[in-house]
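[1] only the shape, not the letters, is given here:
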Ligand code: GCV
């Protein structure tokens with residue numbers, strides 16, 4: 001009952017709005033009616049939300065919410081699936097579970113908001129993956145690692161007693177795009193999150209999220225048995241350690257009966273892990289998996305590993321994890337970043353996709369723009385996500401796309417406690433795009449941009465079409481003015497915002513220095529990963545290994561990733577590498593001017609607050625794009641010895 005009342009007051013609170021971006025894409029206008037107050041005591045909280053949303057916001061013919069097995073052709077029973085079927089008089093949303101109904105309701109409202117309600121709807125939707133999860137890199141002190149939208153959404157000091165209304169808003173926003181899991185804390189995990197004090201807090205958040213179909217997970221520190229439990233070791237084969245984890249898991253499930261499981265970063269960037277005891281990643285993951293298995297929980301074990309002694313960082317995850325294929329328990333899923341290095345503006349797909357054939361994989365994207373302009377720059381990431389999802393691994397012949405090789409998708413969240421949630425209002429589109437693609441990877445970037453713009457701003461084509469075009473262009477523009485042609489990691493020390501290709505800190509890890517990645521010299525530019533270089537190309541299936549290996553066949557947008565290319569090398573357009581490099585940097589800057597011009601013309605279509613907020617950000621973007629272009633070209637010029645072509 002308490003939960004239903006909370007939901008009621010939450011919806012009531014939505015009637016007062018400021019145009020600060022806080023409403024996200026959920027800008028449904030309420031109907032002029034009071035009948036949404038009627039609900040039956042027998043209904044679940046999820047069903048009540050579905051009912052509220054329809055009664056409050058749906059403006060078409062009567063809707064019936066029907067719980068029965070949804071008929072999804074060719075798909076097995078799926079508890080999150082739904083049908084929407086309409087005839088002249090009514091619309092039926094059919095699902096076998098309440099969460100399926102709620103997803104159906106949000107789908108129908110999306111159709112309404114984007115002007116796509118047809119007379120005879122016959123829709124069957126089933127999510128492509130069961131795991132569609134956000135990873136929050138939120139710390140216990142309220143800071144967010146690589147977060148650019150304020151502090152953590154979780155007010156740990158106020159929990160478990162005081163609940164922010166934002167927790168419900170967060171859950172609702174996620175449910176509306178099909179996200180069904182959230183890892184509350186940073187992968188650089190503080191063991192304290194497993195203390196009773198913090199489990200109580202996490203349990204309260206889980207209670208808020210549950211009606212919206214969202215499970216809570218926690219990142220764990222591998223040394224927790226030592227730091228929290230006082231044991232002398234965290235060796236995964238030690239009986240006391242196994243017992244400690246089993247007890248801890250039992251305690252968690254007493255507090256959170258539907259707890260999702262653990263996310264683990266181990267033996268990565270200085271964090272502890274099983275290798276500290278001469279054990280493998282599989283030993284570590286399986287020990288945790290055994291503890292979680294009786295409760296249906298799972299382990300998401302990250303494959304983000306690299307160490308400074310390796311000649312090529314891009315090879316290491318594959319080298320460490322590929323030999324472990326088949327050695328993980330069934331409730332372990334290995335979480336792999338989209339590219340082999342680290343969320344760069346452009347990377348080839350990670351060669352582990354397709355290569356781990358006996359181990360389920362979870363694809364990890366970054367929604368927060370650590371390497372794509374933080375909260376200051378427009379970079380609509382659907383094209384980046386699509387590039388990876390649609391990439392052909394050739395693991396089982398042509399057509400074995402990354403999307404087919406994975407069992408779920410994780411996204412490092414871009415949310416914080418800023419009123420507009422994501423720092424840059426247009427970055428809300430990346431949260432939205434992530435959810436939509438995790439549900440349906442076949443959607444196009446254009447469809448997603450179109451939906452998001454119509455729901456967030458206006459359905460007027462005079463607004464939607466030009467803004468959609470700049471959204472779709474924006475990621476490529478960032479690549480152009482930051483790191484074109486396959487360059488990577490030219491960032492200044494630590495903050496990963498601005499450029500510093502010449503950075504050289506004596507004594508620092510070489511693989512944290514830009515020169516490790518760009519390898520500029522008097523001959524040319526780029527990292528030789530061919531068979532005569534670091535041989536990373538051989539981690540890809542044929543024919544990709546050979547396509548990447550040969551300079552003539554390597555796609556030009558990845559040229560400097562795989563090859564060290566002479567400054568005077570003739571590219572496909574007949575001009576030299578140096579000339580092309582200059583053109584890309586210039587093209588990127590010019591695109592940002594276009595973003596400003598397009599946005600200036602949108603003033604009549606949207607509210608002044610959000611219009612001005614975006615306008616300011618776009619100005620910063622042009623300024624900073626110029627800094628990128630000038631810094632990089634002037635630095636590379638010291639090697640190419642050629643003048644910068646304007
Ligand atoms: C959470 C990169 C980031 C780190 C991040 C790490 C990871 O190195 O810069 O902040 O740590 O990736 O994904 O674990």
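    Sure, I can see it. Computed from a predicted structure; not experimentally measured. Numbers count the residues shown, from 1 in each chain.

[2] contacts only, for the closest residue to the ligand within the stretch 501-646 of the chain.
    Per C-beta to the nearest ligand atom, residue 512 is where the stretch 501-646 of the chain lies closest to the ligand, at 9.1 Å. (Each C-beta comes from the backbone N, C-alpha and C, glycine too.) By C-beta atoms under 8 Å, 6 or more residues apart in numbering, the residues touching residue 512 are residue 493.

[3] for residue 313, see how far away it is.
    Relative to residue 313, residue 512 is positioned 10 Å away (C-beta to C-beta, to the nearest Å).

[4] now do the buried residues in stretch 119-127.
    Judged by neighbour count using 16 or more other C-beta atoms under 10 Å, the buried positions of stretch 119-127 are 121, 124, 125, 126, 127.

[5] name the nearest of the residues you listed relative to the ligand.
    Among the buried residues of stretch 119-127, and counting by C-beta to the nearest ligand atom, the member closest to the ligand is residue 127, at 25.2 Å.

[6] so the closest one sits right up against residue 79, yeah?
    No. Using C-beta atoms under 8 Å, residue 127 is not in contact with residue 79, being 10.0 Å away.

[7] so what sits against both of the two?
    Counting by C-beta under 8 Å, 6+ apart, residue 127 and residue 79 have no contacts in common.

[8] near the ligand, which of the buried residues of stretch 119-127 show up?
    Restricting the buried residues of stretch 119-127 to those near the ligand by C-beta under 6 Å from any ligand atom leaves nothing, as none qualifies.

[9] state the phi and psi torsions of the residue nearest in space to the middle of the chain.
    Among the residues of the chain, the smallest C-alpha distance to the mean C-alpha position (C-alpha atoms, centre = their mean) belongs to residue 411, namely 2.4 Å. According to degrees, to the nearest 10, the main-chain angles of residue 411 amount to phi -130, psi 130.

[10] same check on residue 131?
    In terms of degrees, to the nearest 10, the main-chain angles of residue 131 are phi -110, psi 110.

[11] what's across from the closest residue in space to it that isn't next to it in sequence in the sheet?
    Among residues not flanking residue 131 along the chain, residue 408 sits closest, at 2.7 Å (C-beta to C-beta, 6 or more residues apart in numbering). Each beta-bridge partner of residue 408 is listed here, defined by DSSP bridges: residue 131, residue 362.

[12] surely residue 408 is in contact with residue 336?
    No. Using C-beta under 8 Å, residue 408 is not in contact with residue 336; the gap is 11.0 Å.

[13] show me where the stretch 501-646 of the chain has helices.
    514-518, 544-549, 559-562, 577-600, 608-640 (DSSP state H, counting those that start in this stretch).

[14] rebuild those as CSV, extending it with mean neighbour count.
    Formatted as CSV, the entries for the helices of the stretch 501-646 of the chain read as follows, by neighbours: other C-beta atoms under 10 Å:
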stretch, mean neighbour count
helix 514-518, 21
helix 544-549, 19
helix 559-562, 26
helix 577-600, 20
helix 608-640, 18
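
[15] for these, which one sits closest to residue 537?
    Proximity to residue 537, assessed across those by C-beta to C-beta, is greatest for helix 544-549 (4.5 Å).

[16] now do that closest one, average pLDDT.
    Here the mean pLDDT over helix 544-549 is 98, rounded to a whole number.

[17] run the chain-centre distance for that helix.
    Relative to its parent chain, helix 544-549 has a centroid offset of 28 Å by C-alpha atoms, centre = their mean, to the nearest Å.

[18] which residues sit against stretch 592-608?
    Against stretch 592-608 from outside (C-beta under 8 Å, 6+ apart): 19, 378, 457-458, 460, 462-463, 466-467, 469-470, 473-474, 477, 481, 611, 614-615, 618-619, 621-622, 625.

[19] ok, residue 225 touching residue 241?
    Yes. Contact between residue 225 and residue 241 holds when scored by C-beta under 8 Å: they sit 4.9 Å apart.

[20] what is in contact with the two at once?
    Between them, residue 225 and residue 241 have 231, 233, 234 as joint contacts when contacts are counted by C-beta under 8 Å, 6+ apart.

[21] how deep is the second one tucked in, by neighbour count?
    So that's residue 233. For residue 233, the neighbour count with other C-beta atoms under 10 Å is 14.

[22] before we move on, what about the last one?
    Here the count is done by other C-beta under 10 Å, and residue 234 has 25 residues near it.

[23] helix or strand: which one has it?
    Assigned by DSSP states H and E, residue 234 belongs to no helix or strand.

[24] pLDDT score for it?
    Residue 234 is assigned 98 on the pLDDT scale.

[25] contacting residues around residue 302?
    With contact taken as C-beta under 8 Å, 6+ apart, residue 302 is in contact with 187, 263, 264, 265, 266, 268, 334, 335, 336, 364.

[26] state the distance from the nearest residue to the first one once chain neighbours are set aside to residue 362.
    Nearest residue to residue 187 in three dimensions, chain neighbours excluded: residue 265, at 3.9 Å (C-beta to C-beta, 6+ apart). Distance, residue 265 to residue 362, by C-beta to C-beta: 13 Å.

[27] likewise residue 440?
    Separation of residue 440 from residue 362 (C-beta to C-beta): 17 Å.

[28] so between these two, which is more surrounded?
    For residue 440 versus residue 362, neighbours defined as other C-beta under 10 Å are more numerous around residue 362 (22 against 16).

[29] from the ligand, how far out is the more buried one?
    The spacing between residue 362 and the ligand, counted by C-beta to the nearest ligand atom, to the nearest Å, is 13 Å.

[30] do residue 46 as well
    For residue 46, the distance to the ligand - C-beta to the nearest ligand atom - is 32 Å.

[31] which residue, other than its chain neighbours, is closest to that residue?
    In space, and not counting its chain neighbours, residue 46 is closest to residue 98: 3.9 Å by C-beta to C-beta, 6+ apart.

[32] residue 394: neighbouring residues, count only.
    Residues contacting residue 394 under the criterion other C-beta under 10 Å number 18.

[33] give me the residues contacting stretch 482-491.
    For stretch 482-491, contacts defined as C-beta under 8 Å, 6+ apart pick out 341-342, 344-347, 371-372, 497-501, 514, 516-518, 525-526, 556-562, 577, 580-581, 584-585, 588, 628, 632.

[34] for stretch 400-417, list every residue counted as buried.
    For stretch 400-417, a neighbour-count test (16+ other C-beta under 10 Å) marks 400-406, 408-417 as buried.

[35] narrow those residues to those in strands?
    The strands in this structure, assigned by DSSP state E, contain 408, 409, 410, 411, 412 from these.

[36] would you check that the second one makes contact with residue 438?
    Put plainly, it is residue 409. Yes. Between residue 409 and residue 438 there is a contact at 4.2 Å, judged by C-beta under 8 Å.

[37] what do the two both touch?
    Here residue 409 and residue 438 share the contacting residues 129, 132, 133, scored by C-beta under 8 Å, 6+ apart.

[38] contact partners for the second one?
    Read it as residue 132. When contacts are counted by C-beta under 8 Å, 6+ apart, residue 132 is found next to 178, 179, 180, 181, 408, 409, 435, 438, 439.

[39] name the member of those residues with the most neighbours.
    Ranked by the number of neighbours (other C-beta under 10 Å), those place residue 438 first, at 28 neighbours.

[40] please tell me I have it right and residue 644 contacts residue 635.
    No. Residue 644 is beyond contact range of residue 635, at 10.8 Å (criterion: C-beta under 8 Å).

[41] shaky segments in this structure?
    Low-confidence segments of the chain, defined by pLDDT under 70, span residues 1-17, 33-42, 70-71, 73-77.

[42] how about the strands in the stretch 101-250 of the chain?
    In order along the chain, the stretch 101-250 of the chain carries the following strands (DSSP state E, counting those that start in this stretch): 122-125, 131-135, 181-183, 215-220.

[43] could you export these as CSV, including distance to residue 492?
    Converted to CSV, these look like this (distance: least, C-beta to C-beta, whole Å):
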stretch, distance to residue 492
strand 122-125, 44
strand 131-135, 25
strand 181-183, 29
strand 215-220, 27
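
[44] fine by me, thanks again.
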